[in-house]
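Chemist: Predicted model and sequence follow; I will ask about them next.
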2 protein chains.
Amino acid sequence: MNHMWSIVIGSLIRISPIKNFRANPCLPPIKVQHFIAQRLNQYILYSTPRFETSSILLTACFPLLFSTYSCAFPAAKAMAGSNFEVHSVFSNRSLPNGKFTATPEMLTLIAEENSKHGCRYLSLSMEANLEVGAKREIVLGRNMHTTCLEVTEPDADDESTGDKEAHIASILARYRNTLLERTKHHLGYPYNLDFDYGALSRLQHFSINNLGDPFIESNYGVHSRQFEVGVLDWFACLWEIEKDDYWGYITNCGTEGNLHGILVGREMLPDGILYASKASHYSVFKAARMYRMECVKVATLVTGEIDCTDFKTKLLTNKDKPAIINANIGTTVKGAVDDLDLVIQTLEECGFSHDRFYIHCDGALFGLMMPFVKRAPKVSFKKPIGSVSVSGHKFVGCPMPCGVQITRLQHINALSSNVEYLASRDATIMGSRNGHAPIFLWYTLNRKGYKGFQKEVQKCLRNAHYLKGRLREAGISAMLNELSSTVVFERPRDEEFVRRWQLACEGNMAHIVVMPNVTIEKLDYFLSELVQGRSIWYKDEKVRPPCLAEDVGIDNCSCALHK
Amino acid sequence: MNHMWSIVIGSLIRISPIKNFRANPCLPPIKVQHFIAQRLNQYILYSTPRFETSSILLTACFPLLFSTYSCAFPAAKAMAGSNFEVHSVFSNRSLPNGKFTATPEMLTLIAEENSKHGCRYLSLSMEANLEVGAKREIVLGRNMHTTCLEVTEPDADDESTGDKEAHIASILARYRNTLLERTKHHLGYPYNLDFDYGALSRLQHFSINNLGDPFIESNYGVHSRQFEVGVLDWFACLWEIEKDDYWGYITNCGTEGNLHGILVGREMLPDGILYASKASHYSVFKAARMYRMECVKVATLVTGEIDCTDFKTKLLTNKDKPAIINANIGTTVKGAVDDLDLVIQTLEECGFSHDRFYIHCDGALFGLMMPFVKRAPKVSFKKPIGSVSVSGHKFVGCPMPCGVQITRLQHINALSSNVEYLASRDATIMGSRNGHAPIFLWYTLNRKGYKGFQKEVQKCLRNAHYLKGRLREAGISAMLNELSSTVVFERPRDEEFVRRWQLACEGNMAHIVVMPNVTIEKLDYFLSELVQGRSIWYKDEKVRPPCLAEDVGIDNCSCALHK
């Protein structure tokens, strides 16, 4: 975290830190970062990766008005002092644009000139070299206030002319085209985009709200609890828990599932320590912070699975406190599945009795795929686990994010008896709850059934193997965990390519999550573009594909050293 | 909370406490409650209100198998000892059904007999008198596993015959009719059910997800951030905060807004005490529990507003710690608006400087109505408040719950800089976020505009005054807060009537929230049914309408004593 850059996005003062970004090592990034993060977060800084030149373009906009006026100059000076080359100055009419080396004096002059001309920003763009092989994780920033669709007040005569309606319709039509194109070129996120809920379109006219507990009827009649409980029963059966022993609800997303599972764990074991492998989803660490829980990060194996040797060491160091464990049933990046049996065995070996630990299984994606993989270790409530969550918009596919949360009813009873201030049991995180999501899930489960999902999972695994094989054949570093449909491979050098295919990246890795909508044809199309792209990016011998040995293991690495 | 009953709903072991329910006062409810809540929550207990006979039918099912076997007998004994009259025993083939007085011996006998015959339950129904005028709040329990729509596996030949499709279609058509009927008879919840999003129906085919921060673009291209930021800008303008000074996002519901606002407050003032009037939404107290915050409940005036005299006393008792305040811009039950200026003045008088308090405004409903009421105190970021939340599915109307959260960017910056473990800013509660909701809101804001909302708010206030006037004319206790469209009135005696009109009730109060879809015609229809109902419920002089003086003030009460 030493090399952190603050990137300000949107308008004047949007800020976000970028982890692991390292500019040219001869520059003093820490100094600048501190300056930016701590004293000066009132400017726009956005990055445009330019991989073809192995550099990155950083642009900073300093506001020159309001209270930040006085801050802009020292910031400009700091950046100039950092020896960046300023090669374009926009929003400035009195000075020519062009490449020149920035000096503190010159930047001050520009800022003053700009300010005189009523310009609110001093904008500087700097090209910085990227250290080849350095880990980078870039948040792409865009000025959202410029691209945003402003709400406009209707005119008095709008109703008669219909102009407003026509205007809205044209915006929506354009937007729909964008969605079509973006959906077509999507590979990076584990969302099944292949669904047809046309049969449900007439329900969109209702405000369906399953407020509160799915098992407690409310006076609000426009709900879909009957569908929700049907879906929950199906999942309870999948994860081997009796109808009478479970409690659950349809959540808004995987994060809500993790927030719920970990909260139940904390309420069962109030002084418990939260253990989670570092490959866990960020919502797990967010939960620790929200709930004021002690949190211990556990190392991972190269596959992305939790390292139970490290887990054991950490458990033994904290033997006096109960353990709350987040087990990953498919990590975000590598699709790795923690060995649940080994986790339980480790706990037992360290002397943790069943009433001194609570396991929450984050099965965002694979919680629904694993049951259909024959050789996969089972996620089952017959084992001493406390809760399982899965996302509904991922493998099932759904217009909006949603998830399924299942836990043991005994936990909820213990939890609820403490909630004195409520007339009814308040066991969900959210109050009002989307009543459409359960109907979408119910519809798909009914249409596909257990067998339909099994077929789809098998297809995904086959296609993922195909993709991995083709990548390795083409001399591209790639890995595929045995139980996973997430193919990890060398991050494409061109950020435009990454955006085009909407690939999620981390460090030198990119991944494709092979979902039911990802066909062989789509993969071939992608592969041909990737191979073509690489022939351009790496035509010059000076630039070599990155080494991924650390990320995917030596055997899967095709870098110059390991191939 | 002394008279709490545990009602177990759904199947075998669903439990929920019922507040303020008081059975015949000659019975020892506390004893039974303790017994049930603490030792025996593994049975079914459901209530069937029988208002025509001024009694309530309580049914308990004790499981006679598993580990609960031994508990059932003492429970049966306790209830028998409570002098209830058992008037039906089902699931029991060896003893006749019928009314008889239960003795511990008889119940033990029944249970033993049942168990011998392999029956899993001992079911007892008891008719208990309701104390007239006693506060009651009943969670109506239904066995959701019976009414649930089970997911069924498709048959091998389903695809060819189309049977499955036809079956699903018929379920959906029936469901749609229920929704139509339920929507028509809805008055109790503050949901505007009058919307037409037909123009957006083609977007339902896309998996739109605004994951993460609305101002930070993600690699996932199928999003609606441009709509989201447009909506946020509109609300920022409404609540008087500059585009460059605010941060916000579209939430899943009012609860998420409160969870977010209070979390921001806690992160700004880590040892702050949370103050909230007892009329606050339950999510506020849930937040305190989740976040491990000290929470102080403040008394309310009869209107439902926070009692600033009590607030002052409590502030002075805790002067050493910063204050985080939840201000209600429209309470759930009475639609009361806390006097923001008086709250701030009280804080200042108690010596709290602006950096030692944080105010979150829960404007779930009225956050969007207040700005359009001329004489209403303003919710504005020009005042020292930290955040405002409002629900999107309430006044605006939306198929699924959603909300708008606006806070100061400086708070989010402070918050984010602490989040070390993330590459990007993680400032929302949820990760994946519904991308359809912002489009619904954007569409309505564009079509109606500021002026359209103003007109609707005025109509709602007019209609609410009409309703209140008609109720008082009819000799029915009723109250309407000046800035509110929530009419509080005497709880209808017939629970079926309450359900028919989907009225939210608390104690002796029911309320109707006059939303844009609630027309004079609908109110007249409701009024005529209510007046007719009362002529039946109160035809006998023995039963009198309840006194609401404590709830709505003597002036608004039409009970025998106060009229």
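Modeler: Ah, there it is.

Chemist: A:Phe526 and A:His186 touch, don't they?
Modeler: No - the pair A:Phe526 / A:His186 is not scored as a contact, 10.5 Å apart, by C-beta atoms under 8 Å. Bear in mind the C-beta positions are built from the backbone N, C-alpha and C, glycine included.

Chemist: and for those two, which residues touch both?
Modeler: Here A:Phe526 and A:His186 have A:Trp501 as joint contacts, going by C-beta atoms under 8 Å, 6 or more residues apart in numbering or on different chains.

Chemist: Settle it for me: which of the two has more neighbours?
Modeler: A direct count of neighbours by other C-beta atoms under 10 Å in any protein chain shown for A:Phe526 and A:His186 places A:His186 higher, at 25 against 20.

Chemist: Excluding chain neighbours, what is closest to the more buried one?
Modeler: Setting aside the residues directly before and after it, A:His186 is nearest to A:Gln502 in space (C-beta to C-beta, 6 or more residues apart in numbering or on different chains), at 4.9 Å.

Chemist: pretty sure that neighbour is touching A:Tyr189, no?
Modeler: Yes - if you go by C-beta under 8 Å, A:Gln502 and A:Tyr189 touch, sitting 6.7 Å apart.

Chemist: residues contacting A:Val379?
Modeler: A:Trp239, A:Ile329, A:Leu340, A:Cys361, A:Gly363, A:Gly367, A:Met370, A:Pro371, A:Ile385, A:Val388.

Chemist: Ignore what I typed, I meant A:Val284.
Modeler: A:Asn258, A:Ile262, A:Leu274, A:Ala276, A:Asn326, A:Asp362.

Chemist: Swap in 10 Å and give it another go.
Modeler: For A:Val284, the contact set (C-beta atoms under 10 Å, 6 or more residues apart in numbering or on different chains) comprises A:255, A:258-259, A:261-262, A:274-277, A:295, A:297, A:326, A:328, A:360, A:362, B:421.

Chemist: Among those residues, which are located in helices?
Modeler: Counting by DSSP state H, these place A:Thr255, A:Asn258, A:Leu259, A:Gly261, A:Ile262 in helices.

Chemist: per-residue pLDDT, the third one?
Modeler: The pLDDT attached to A:Leu259 in the predicted structure is 96.

Chemist: swap in the first one?
Modeler: Each residue has a pLDDT score; the one for A:Thr255 is 93.

Chemist: So it is in contact with A:Phe285, correct?
Modeler: No - using C-beta atoms under 10 Å, A:Thr255 is not in contact with A:Phe285, being 11.4 Å away.

Chemist: returning to what we had before: most surrounded residue in the contacts of A:Val379?
Modeler: Highest neighbour count within those, by other C-beta under 10 Å: A:Cys361, with 32 neighbours.

Chemist: do you know how far it is from B:Met290?
Modeler: Computed as C-beta to C-beta, to the nearest Å, the A:Cys361 to B:Met290 distance reads 21 Å.

Chemist: ok, now A:Arg462?
Modeler: Applying C-beta to C-beta, the value for A:Arg462 to B:Met290 is 43 Å.

Chemist: Between the two, tell me which one has more neighbours.
Modeler: Each of A:Arg462 and B:Met290 has its neighbours counted (other C-beta under 10 Å); B:Met290 has more, 21 against 13.

Chemist: re the thing from before, what is in contact with A:Gln502 and A:Tyr189 at once?
Modeler: Residues touching both A:Gln502 and A:Tyr189 (C-beta under 10 Å, 6+ apart) are A:Ile512, B:Ser218, B:Asn219, B:Tyr220, B:Gly221, B:Val222.

Chemist: Wait, the second one touches A:Cys505, no?
Modeler: No - judged on C-beta under 10 Å, B:Ser218 makes no contact with A:Cys505 at a distance of 11.3 Å.

Chemist: quick one: common contacting residues for those two?
Modeler: What both B:Ser218 and A:Cys505 touch, as defined by C-beta under 10 Å, 6+ apart, is the set A:Gly188.

Chemist: Identify the contacts common to A:Thr255 and A:Phe285.
Modeler: Counting by C-beta under 10 Å, 6+ apart, the residues touching both A:Thr255 and A:Phe285 are B:Asp426.

Chemist: neighbour count winner among the two?
Modeler: Between A:Thr255 and A:Phe285, A:Thr255 has the larger neighbour count (other C-beta under 10 Å), namely 30 against 22.

Chemist: Closest to B:Glu228 out of the contacts of A:Val284?
Modeler: The closest of the contacts of A:Val284 to B:Glu228 turns out to be A:Thr255 (C-beta to C-beta; 17.5 Å).

Chemist: Next one: the closest residue to A:Gln458 other than its chain neighbours from chain B, what distance?
Modeler: Spatial nearest neighbour of A:Gln458, chain neighbours left out: A:Phe372 (7.4 Å); criterion: C-beta to C-beta, 6+ apart. To chain B, A:Phe372 is 14 Å away according to C-beta to the nearest C-beta, to the nearest Å.

Chemist: Just list the residues touching A:Phe372, thanks.
Modeler: Residues near A:Phe372 by C-beta under 10 Å, 6+ apart: A:Leu238, A:Phe395, A:Tyr450, A:Lys451, A:Phe453, A:Gln454, A:Lys455, A:Glu456, A:Val457, A:Gln458, A:Cys460, A:Leu461.

Chemist: swap the cut-off to 8 Å and go again
Modeler: Counting by C-beta under 8 Å, 6+ apart, A:Phe372 has contacts A:Phe453, A:Gln454, A:Val457, A:Gln458.

Chemist: can you check A:Tyr191 too?
Modeler: Applying C-beta under 8 Å, 6+ apart, we find A:Tyr191 in contact with A:His393, A:Lys394, A:Gly397, A:Met515, B:Ser207, B:Asn209, B:Tyr220, B:Val222.

Chemist: so of those residues, which ones are in helices?
Modeler: Among the contacts of A:Tyr191, no member falls in helices (DSSP H).
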